[in-house]
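Asks: here is the input, now give the coordinates:
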Amino acid sequence: MRRKNGFFSVPLTPNMHFSEIIGQIDVVERLISEVESRHLPHALLLSGNEGNGGMAIALALADKLLAVSESGKAMINKLQHPDLHFAFPIFKKQSGKDIVSDHFIKEWRDMLLSNPYFGYQEWMDACGAENQQLVIYEAESDNLTKKLSIKASQGGWRVVIIWLPEKMNRECANKLLKLLEEPPAGVVFVMVSEHPEQLLETIRSRVQTIEVPKLKEEDVKEALIEKYHIIDTQAAIIAKTCNGNMTAALRCITDDSVMEMYFDLFVELMRLSYARRVKEMRKWSEKVTGLGRERQKNFLDYCQRMLRENFIYNFHHNEIVYMNEREQNFAVKFAPFINESNVIGIMEELSLCQRDIAQNANPKIVFFDFALKMIVLIKNR
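Replies: Purely as a prediction, here's the structure:
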């Protein structure tokens with residue numbers, strides 16, 4: 001199972017009903033209660049990390065509010081309900097031209113219908129952004145204001161789902177604030193955010209925040225077995241290594257080539273560091289730079305996992321080691337180099353790399369600097 005056109009091409013029914021949400025029982029029960037008791041606030045902020053299921057929950061809430069008739073159900077199942085509106089980060093195909101989410105709505109629907117447990121990298125692939133920065137522009141708020149000035153097509157609720165509202169530019173955020181301060185009747189705003197601290201404080205004060213916690217390992221494992229037909233032993237390994245991130249779990253089963261690439265890059269760096277081949281290290285850093293920022297972040301996550309697993313491997317408790325066959329074969333000789341004297345130092349350097357990449361530092365410099373530091377750290381046995 002691999003990705004096709006940027007999104008997951010796995011056979012499944014989209015999780016658009018509360019009964020199909022993976023885990024998150026407390027969040028689901030709370031939202032159902034608020035809908036049925038008519039205490040649902042006009043603006044919600046679903047706050048949680050990638051892979052926790054925020055978008056799946058938002059879609060399920062939209063289904064609960066809008067699928068009140070047979071025609072409504074048919075339209076919501078295709079994400080084409082006239083009272084369901086989306087806003088999400090996009091890029092400008094032509095400089096200086098106003099552009100809104102509707103220009104990418106086909107790619108967006110295709111991705112959501114394929115699987116709502118996606119991440120920023122999957123959306124970049126699906127919309128063809130390559131390495132461009134994605135933004136929610138000022139025109140988006142104007143577009144929403146125009147849409148919401150019209151009465152509900154079906155005479156009931158209207159739902160606006162905003163994915164990654166922290167990607168709004170300041171002009172867009174300020175205009176959205178006015179909508180939140182004076183919301184049109186019967187409109188529910190649902191924001192799905194991974195970094196709510198980046199939102200304007202005035203916006204955060206006008207929404208009800210619901211934390212969407214990390215998924216339990218058992219919930220991820222069960223979903224992999226029941227929804228994706230992964231065998232029990234493999235599902236257990238994936239669930240353990242992905243640390244409650246359903247998106248990361250799906251990457252493991254749908255894009256083996258990327259995981260193999262991360263493994264090869266990790267092995268290459270460790271061997272170059274041990275041999276102190278500085279010139280080739282520079283070429284290695286250029287290779288990683290070519291991945292693009294989101295895959296660079298994912299690669300750093302992979303490196304941290306490999307370090308943890310190799311450190312644990314030294315204790316000879318195979319039942320708590322979660323590596324595939326290739327990774328374990330490499331660990332036989334490599335694991336002794338990851339020990340009490342250097343594991344913390346290496347992990348700290350990786351954390352610094354993640355911080356710098358997230359802050360848009362020059363990746364060629366970041367990764368070459370890290371590679372040089374590994375020369376010292378890997379020898380520290």
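
Asks: ok, residue 28 to residue 48 distance?
Replies: 13 Å (C-beta to C-beta, to the nearest Å). Glycine gets a C-beta too; all of them are placed from N, C-alpha and C.

Asks: strands of the protein, residue ranges please.
Replies: Under the criterion DSSP state E, the chain carries strands at the ranges 3-4, 7-8, 43-47, 84-87, 158-163, 187-193, 208-211.

Asks: and these: which comes nearest residue 111?
Replies: With C-beta to C-beta, the closest approach to residue 111 among the strands of the chain belongs to strand 7-8: 4.2 Å.

Asks: circling back: more neighbours, residue 28 and residue 48?
Replies: residue 48 (22 against 17; other C-beta atoms under 10 Å).

Asks: report the contact partners of that one.
Replies: 54, 194, 211, 212, 213, 214 (C-beta atoms under 8 Å, 6 or more residues apart in numbering).

Asks: residue 133 - how many residues pack around it?
Replies: Residue 133 has 12 neighbouring residues, counting by other C-beta under 10 Å.

Asks: what about it, distance to residue 191?
Replies: Taking C-beta to C-beta, one finds residue 133 at 20 Å from residue 191.

Asks: and residue 181, by the same measure?
Replies: From residue 181 across to residue 191, the span is 15 Å (C-beta to C-beta).

Asks: and the two? which has more neighbours close in?
Replies: Set residue 181 next to residue 191 and count neighbours by other C-beta under 10 Å: residue 191 wins out with 28 against 10.

Asks: any chance you could map the helices in the stretch 201-350 of the chain?
Replies: Taking DSSP state H, counting those that start in this stretch as the test, the helices found in the stretch 201-350 of the chain are 201-204, 217-226, 232-241, 246-254, 256-275, 278-289, 293-313, 325-334, 343-358.

Asks: quick one: closest of those to residue 19.
Replies: With C-beta to C-beta, the closest approach to residue 19 among those belongs to helix 217-226: 12.9 Å.

Asks: which segments of the protein make up each domain?
Replies: Listed domain ranges for the chain are 3-211, 219-254, 257-379 (source: automatic domain parsing).

Asks: deepest in the core, which of those domains is it.
Replies: A comparison of those by mean neighbour count, using mean count of other C-beta atoms under 10 Å, puts domain 219-254 on top with a mean of 20.

Asks: now for residue 35: which residues touch it?
Replies: Applying C-beta under 8 Å, 6+ apart, we find residue 35 in contact with 61, 64, 65.

Asks: and what of residue 306?
Replies: Residue 306 is in contact with 263, 266, 323, 327, counting by C-beta under 8 Å, 6+ apart.

Asks: and the residue most central in space within the chain, how far from residue 107?
Replies: Centroid-nearest residue in the chain, with C-alpha atoms, centre = their mean: residue 119, separated by 2.8 Å. Computed as C-beta to C-beta, the residue 119 to residue 107 distance reads 15 Å.

Asks: before we move on, what about residue 90?
Replies: Plainly put, residue 90 is 10 Å away from residue 107 if you go by C-beta to C-beta.

Asks: joint contacts of those two?
Replies: Joint contacts of residue 90 and residue 107 (C-beta under 8 Å, 6+ apart) are residue 127.

Asks: identify the bridge partners of the nearest residue to residue 85 once chain neighbours are set aside.
Replies: Spatial nearest neighbour of residue 85, excluding adjacent residues (C-beta to C-beta, 6 or more residues apart in numbering): residue 160 at 4.7 Å. The partner list for residue 160 in beta bridges (DSSP bridges) reads residue 85, residue 189.

Asks: hang on, the earlier thing: go ahead and confirm the residue nearest to the centre of the chain touches residue 49.
Replies: No: the pair residue 119 / residue 49 is not scored as a contact, 9.8 Å apart, by C-beta atoms under 8 Å.

Asks: any chance of the helices of the stretch 201-350 of the chain in a markdown table, plus distance to residue 72 and mean pLDDT?
Replies: Shown next, in a markdown table, are the helices of the stretch 201-350 of the chain (distance: least, C-beta to C-beta, whole Å; pLDDT from 0 to 100):
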| stretch | distance to residue 72 | mean pLDDT |
| --- | --- | --- |
| helix 201-204 | 30 | 94 |
| helix 217-226 | 27 | 93 |
| helix 232-241 | 35 | 84 |
| helix 246-254 | 28 | 87 |
| helix 256-275 | 38 | 89 |
| helix 278-289 | 48 | 93 |
| helix 293-313 | 35 | 89 |
| helix 325-334 | 48 | 90 |
| helix 343-358 | 41 | 93 |
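
Asks: among these, which is nearest residue 372?
Replies: Taking C-beta to C-beta, helix 278-289 is the member of these nearest to residue 372, at 6.8 Å.

Asks: please report how far residue 98 lies from residue 366.
Replies: Counting by C-beta to C-beta, the gap from residue 98 to residue 366 is 35 Å.

Asks: ok, residue 102 next?
Replies: 36 Å.

Asks: about what we covered before: what's the most distant pair in the contacts of residue 48?
Replies: Maximum pairwise distance among the contacts of residue 48 (C-beta to C-beta): 13.2 Å, between 194 and 213.

Asks: wait, doesn't residue 273 sit right on residue 370?
Replies: No: if you go by C-beta under 8 Å, residue 273 and residue 370 don't touch, sitting 9.7 Å apart.

Asks: so what sits against both of the two?
Replies: With C-beta under 8 Å, 6+ apart, residue 273 and residue 370 have no common neighbours.
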